[in-house]
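Engineer: Quick one: sequence and predicted model below, then my questions.
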Amino acid sequence: MGMRVDRDEQAGVRAFRNQLAVVAGITPVVAFVLVVDRGSIGVLAVIGTALPLLALAVTAAVPATVDPRWFAAVLAVDVAAIAFIRGDVPSVGVSALFALPALWSGYAFGFAGAGATTAVAVGLLWVGAPGEWSTIDAADTARLVSLPLVIAAVSGTAAALARRGRARQELLHDQAVLLRRRLSEVTAREELVRAVLDSVDFDVLAFDADGRTTVTNAARGGAALDDLADHTATGGDSLVRRTLDGTELEEELVPVRRDDGTARTYTVSTRLLPDEGGGGGVLVARDVTAERRAIEARDDLVASVSHELRTPTTAVLGSVELAREVEGLPPDAERLLDVASRNAERLVELVGGILEAAREERVDLVLAPCDLLEVVDAALEAAAPAASAAGVSLRTGPRDAPVRAVADAFRLRQVVDNLVSNAVKYNHEGGWVEIGAHAVGDLVWLIVRDDGIGIAEADQDHLFERFFRAESVRSTGIHGTGLGLAICRQIVRRHGGDLTVLSVLGEGTTATMTIPAAGPDRTAATT
């Protein structure tokens, strides 16, 4: 009949309330008749008054979860009770009481219940009480026309409102079920993320747009977040604030000294979250103290061994040069001395590169205002003899104004020297090398291009690895340590910038250096 019986857990309560309303409607009418016309009250009226009271007692006694269809019998009792009362008192006021069960029927059983109750009530009105058809006059219009229309309208409106209410209730129920399902999924996903975060070997911190912590895996027992918080509280950079200001960190080394005097080193990476999701960001910190100590120990060992090798190697090279000055050497001896000299020079170069790589991280940058164009000119002047001997032309790009930056000019000269030297060495006769420098916004750019032998795509991912030499270079017989580019990128990154290399085998190579014009210490303030 248009209702969801399996969900109606308060049917008994509502039936009691509806029956109470029917009793409340019938009782005053009967009481009024007793006052104004006691003689008209007979057995039928007494029965009609008692039946709704009996039905009220029944609805009060049944459980709240009873099947609501059972109350159709209660409605039938109410209709019969009103008919009994009307048998003794056939007045319009009593006849209007049929609207009460019709209203309940429309609400409880929809249009089918409303139609059935209305049909019975109208039928009883048209049949009439004993003697009611003896005379028909204008007063019977209410009984035969008006009241049937009113009863039909009341029951139909109740059915429509009930249907709309049930539809809204079902919609809310479905939405609640969906919401619970989504909440369960989100909870499960959150528990999964929490389990993953607690199982990784690094600390994770999520924060909102105001820098407040929203998610963390500090419960796993890592000390990184506490150490970094103490580092910020004692005057260190706020990594969260730098990220919110627009500077995403990538494996940035953050040394921390604890209150007990011990030192730890962490790598920190941060990412900004989209504004559509509320903004904020994520910080990932990993303790690399043991790794850094291992690297330092390795570099100390390499530097120590290289230093011990440098002295005897230099002595060997000097002895070879002295031997070559001896007159009357046989041709075979001169050839062997040349081989020894070349290999001794290569060994000295290799040892020097190793010492430079080991020393680079430990040497502080000497920052001062400088003009990058002057650094380029000095590098070109130094490379000119080698370029001329190799048949390679050196040229510079357009120059509009000085390219100023706060940097260590000596270290930048080392970078430019290495890039130009590589472009000349790995070129061909008749080739060219072009160097350009310019400022764009807050960054200073240096670009070195050549049309040399190029580098295979498979080798380009390894260019900045120490001691790596591309296959196309090894096949040329040109000597090198494989340390130059690694040292250059290290210098550039210490300036707060980056060095990239793009190349096409057989067509040439382009090396691009970018550093902040204001210097590495102010990168966060200018990005």
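Structural biologist: Alright, I've got the coordinates.

Engineer: Check the gap between the residue nearest in space to the middle of the chain and residue 280 for me.
Structural biologist: Closest residue to the average C-alpha location of the chain: residue 273 at 5.7 Å, with Cα atoms, centre = their mean. Counting by Cβ to Cβ, to the nearest Å, the gap from residue 273 to residue 280 is 5 Å. In short, each C-beta sits where N, CA and C put it, glycine included.

Engineer: can you check residue 391 too?
Structural biologist: 58 Å.

Engineer: which one of the two has more residues nearby?
Structural biologist: residue 280 (22 against 12; other Cβ atoms under 10 Å).

Engineer: wouldn't that one be in contact with residue 205 here?
Structural biologist: No. Between residue 280 and residue 205 there is no contact under Cβ atoms under 8 Å: 10.4 Å.

Engineer: phi, psi of the residue nearest to the centre of the chain?
Structural biologist: When read as degrees, to the nearest 10, the backbone of residue 273 gives phi -90, psi 150.

Engineer: Mind naming the longest helix for this protein?
Structural biologist: helix 147-199 (DSSP state H).

Engineer: State the mean pLDDT of that one.
Structural biologist: Averaged across helix 147-199, pLDDT comes to 85.

Engineer: Might you quantify the distance of it from its chain's geometric centre?
Structural biologist: Mean-position distance between helix 147-199 and its chain equals 30 Å (Cα atoms, centre = their mean, to the nearest Å).

Engineer: following it, which helix or strand shows up next?
Structural biologist: Proceeding N to C from helix 147-199, the next assigned helix or strand is strand 203-207, under DSSP states H and E.

Engineer: That next one: which residues count as buried?
Structural biologist: 203, 204, 205, 207 (16 or more other Cβ atoms under 10 Å).

Engineer: With respect to residue 184, which of these is nearest?
Structural biologist: Using Cβ to Cβ, residue 204 comes nearest to residue 184 of these, at 24.4 Å.

Engineer: which residues does that closest one contact?
Structural biologist: 197, 215, 216, 217, 282, 283, 284, 285 (Cβ atoms under 8 Å, 6 or more residues apart in numbering).

Engineer: who does it bridge with?
Structural biologist: Listed beta-bridge partners, residue 204: residue 284 (assigned using DSSP bridges).

Engineer: oh, and call the first residue 45 from now on, that's how I've got it
Structural biologist: Got it, first residue is 45 now, which makes that one residue 248.

Engineer: Please report how far it lies from residue 298.
Structural biologist: 15 Å.

Engineer: Residue 122 now?
Structural biologist: Taking Cβ to Cβ, one finds residue 122 at 82 Å from residue 298.

Engineer: which one of these two has more residues nearby?
Structural biologist: Using other Cβ under 10 Å, the more surrounded residue of residue 122 and residue 298 is residue 122, with 29 against 20.

Engineer: residue contacts, the more buried one?
Structural biologist: 63, 66, 95, 96, 99, 144, 145, 148.

Engineer: Run through who's touching stretch 365-375.
Structural biologist: Residues from elsewhere that reach stretch 365-375, judged by Cβ under 8 Å, 6+ apart: 378, 381, 382, 385.

Engineer: again, only this time at 10 Å
Structural biologist: 377, 378, 379, 380, 381, 382, 384, 385, 388 (Cβ atoms under 10 Å, 6 or more residues apart in numbering).

Engineer: quick one: which of the residues you listed has the most company?
Structural biologist: Neighbour-wise, the contacts of stretch 365-375 (other Cβ under 10 Å) top out at residue 388, 19 neighbours.

Engineer: Quick check: chain neighbours aside, which residue is closest to that residue?
Structural biologist: Closest residue to residue 388 apart from its sequence neighbours, by Cβ to Cβ, 6 or more residues apart in numbering: residue 361 at 4.1 Å.

Engineer: ok, now how distant is that neighbour from residue 392?
Structural biologist: Taking Cβ to Cβ, one finds residue 361 at 6 Å from residue 392.

Engineer: swap in residue 235?
Structural biologist: 61 Å.

Engineer: how about the helices of the stretch 395-544 of the chain, start to end?
Structural biologist: Counting by DSSP state H, counting those that start in this stretch, the stretch 395-544 of the chain has helices at residues 416-434, 453-469, 501-504, 515-518, 528-538.

Engineer: how about TSV for the ones you listed, with mean pLDDT added?
Structural biologist: Shown next, in TSV, are these (pLDDT from 0 to 100):
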stretch	mean pLDDT
helix 416-434	90
helix 453-469	89
helix 501-504	78
helix 515-518	59
helix 528-538	86
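
Engineer: Please name whichever of the ones you listed is nearest to residue 271.
Structural biologist: Across the helices of the stretch 395-544 of the chain, closest to residue 271 is helix 528-538 (Cβ to Cβ), at 23.2 Å.

Engineer: relative to helix 453-469, how tilted is that closest one?
Structural biologist: Interaxial angle of helix 528-538 relative to helix 453-469 (axes from the mean of the first three to the mean of the last three Cα atoms, to 10 degrees): 150 degrees.

Engineer: Tell me the helices and strands packed up against helix 528-538.
Structural biologist: Under the contact definition 3 or more Cβ pairs under 10 Å, 6 or more residues apart in numbering; DSSP states H and E, helix 528-538 sits against helix 375-404, strand 448-451, helix 453-469, strand 542-548, strand 552-560.

Engineer: and the helix or strand containing residue 151 with helix 191-243, angle?
Structural biologist: Assessed by DSSP H and E, residue 151 sits inside helix 143-171. On the basis of the same axes, to 10 degrees, helix 143-171 is oriented at 150 degrees to helix 191-243.

Engineer: Show me which residues of helix 143-171 are buried.
Structural biologist: 143-155, 157-162, 164-166, 168-169.

Engineer: Same check on stretch 95-104?
Structural biologist: 95, 96, 99, 100, 102, 103.

Engineer: do stretch 293-301 as well
Structural biologist: 293, 296, 298, 300.

Engineer: Which one of the buried residues of stretch 95-104 is nearest to residue 528?
Structural biologist: Distances from residue 528 to those, taken by Cβ to Cβ, are shortest for residue 103, at 96.2 Å.

Engineer: Can you give me the distance of that closest one to residue 75?
Structural biologist: Relative to residue 75, and taking Cβ to Cβ, residue 103 is found at 22 Å.

Engineer: Equivalent analysis for residue 494, please.
Structural biologist: Counting by Cβ to Cβ - residue 494 and residue 75 are separated by 113 Å.

Engineer: Of these two, give the one with the bigger neighbour count.
Structural biologist: For the pair residue 494 and residue 75, the greater number of neighbours falls to residue 494 (27 against 10), based on other Cβ under 10 Å.

Engineer: Contacts only, for the nearest residue in space to that one that is not next to it in sequence.
Structural biologist: Sequence neighbours aside, residue 467 is the residue nearest to residue 494 in space, at 4.0 Å (criterion: Cβ to Cβ, 6+ apart). Counting by Cβ under 10 Å, 6+ apart, residue 467 touches 427, 431, 436, 438, 475-479, 492-496, 552-555.

Engineer: Please work out how many residues are found near the spatially closest residue to residue 138 that is not a sequence neighbour.
Structural biologist: Computed as Cβ to Cβ, 6+ apart, the closest residue to residue 138 that is not its neighbour in sequence is residue 130, at 4.9 Å. Look at residue 130: counted by other Cβ under 10 Å, it has 24 neighbours.

Engineer: and residue 130, what pLDDT?
Structural biologist: Looking at residue 130, its pLDDT reads 78.

Engineer: Give me the buried positions along the helix or strand harbouring it.
Structural biologist: In the assignment (DSSP H and E), residue 130 maps to helix 116-132. Going by neighbour count (16+ other Cβ under 10 Å), the buried part of helix 116-132 is 116, 118-132.

Engineer: For residue 210, state which of the residues you listed is nearest.
Structural biologist: residue 116 (17.6 Å).

Engineer: you'd agree residue 193 is up against residue 165?
Structural biologist: No. Using Cβ atoms under 10 Å, residue 193 is not in contact with residue 165, being 11.8 Å away.

Engineer: Now the common contact residues for the two.
Structural biologist: What both residue 193 and residue 165 touch, as defined by Cβ under 10 Å, 6+ apart, is an empty set.
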